[in-house]
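A.B. asks: could you look at this predicted model? Sequence included:
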Amino acid sequence: MNFSQQQQLMINALNITNLNSSVHIHLKASILSQAYLIVLKLSDNLVFNSTFQLADYSQIMCPNSSSQANDSFDSYYSFFLNMKQVNSYIGLITFGIRELNQTEQENYCSVDQPLMNNSFQSLPMTDRLNFNNNFQLR
């Protein structure tokens, strides 16, 4: 997949049509040692400044935070918003995914818990989007 020079995230969207909704996004990486960033906006307009300060929710998914099953084939990263966080929102939810480079992964995945809710706002959006590994979303 080719991305534009300015694109910093691979953008996806979900349509919420029920007031009692929650959001579950699972990312299954082909390389279990790869980290990813996911940002989400309760809007059809995913716009950011030079960092991720305008996202409603965000999470860095580190290799040590994936849900491990008995077989490594079934390992995946999980992003979840409960009904209270979605807050009866109806409409399009836009989310973006980015593979972290090695330096970012070393800086943000050195602890054993995922960083959530913009605790990594200093992560710059200056690197061109690049995916070196395959992954699946569900």
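C.D. replies: Yep, it's here. Numbers count the residues shown, from 1 in each chain.

A.B. asks: ok, Ile60 touching Glu99?
C.D. replies: No. Ile60 is beyond contact range of Glu99, at 11.2 Å (criterion: C-beta atoms under 8 Å). Glycine gets a C-beta too; all of them are placed from N, C-alpha and C.

A.B. asks: shared neighbours, these two?
C.D. replies: Common contacts of Ile60 and Glu99, defined by C-beta atoms under 8 Å, 6 or more residues apart in numbering, comprise Ala35, Tyr36, Leu37.

A.B. asks: residues near the first one, how many?
C.D. replies: In other words, Ala35. Residues lying near Ala35 (other C-beta atoms under 10 Å) number 24.

A.B. asks: if I look at Tyr77, how far off is Lys84?
C.D. replies: Here Tyr77 is placed at a distance of 22 Å from Lys84 (C-beta to C-beta, to the nearest Å).

A.B. asks: so for these two, which residue has more residues nearby?
C.D. replies: Using other C-beta under 10 Å as the criterion, Tyr77 and Lys84 rank with Tyr77 on top: 25 against 8.

A.B. asks: is that one in a bridge, and if so with what?
C.D. replies: Note on Tyr77: beta-bridge partners Leu27, judged by DSSP bridges.

A.B. asks: what pLDDT does it get?
C.D. replies: Reported pLDDT at Tyr77 in the predicted model: 89.

A.B. asks: the one 10 residues further on too?
C.D. replies: Looking at Asn87, its pLDDT reads 89.

A.B. asks: what's the following helix or strand after the strand ranked longest in the chain?
C.D. replies: Among the segments of the chain that qualify as a strand by DSSP state E, the longest is strand 91-99. Following strand 91-99 in sequence order, the next helix or strand is helix 102-108 (DSSP states H and E).

A.B. asks: circling back: strands - which of the shared contacts of Ile60 and Glu99 land there?
C.D. replies: When the shared contacts of Ile60 and Glu99 are checked against strands (DSSP E), the matches are Tyr36, Leu37.
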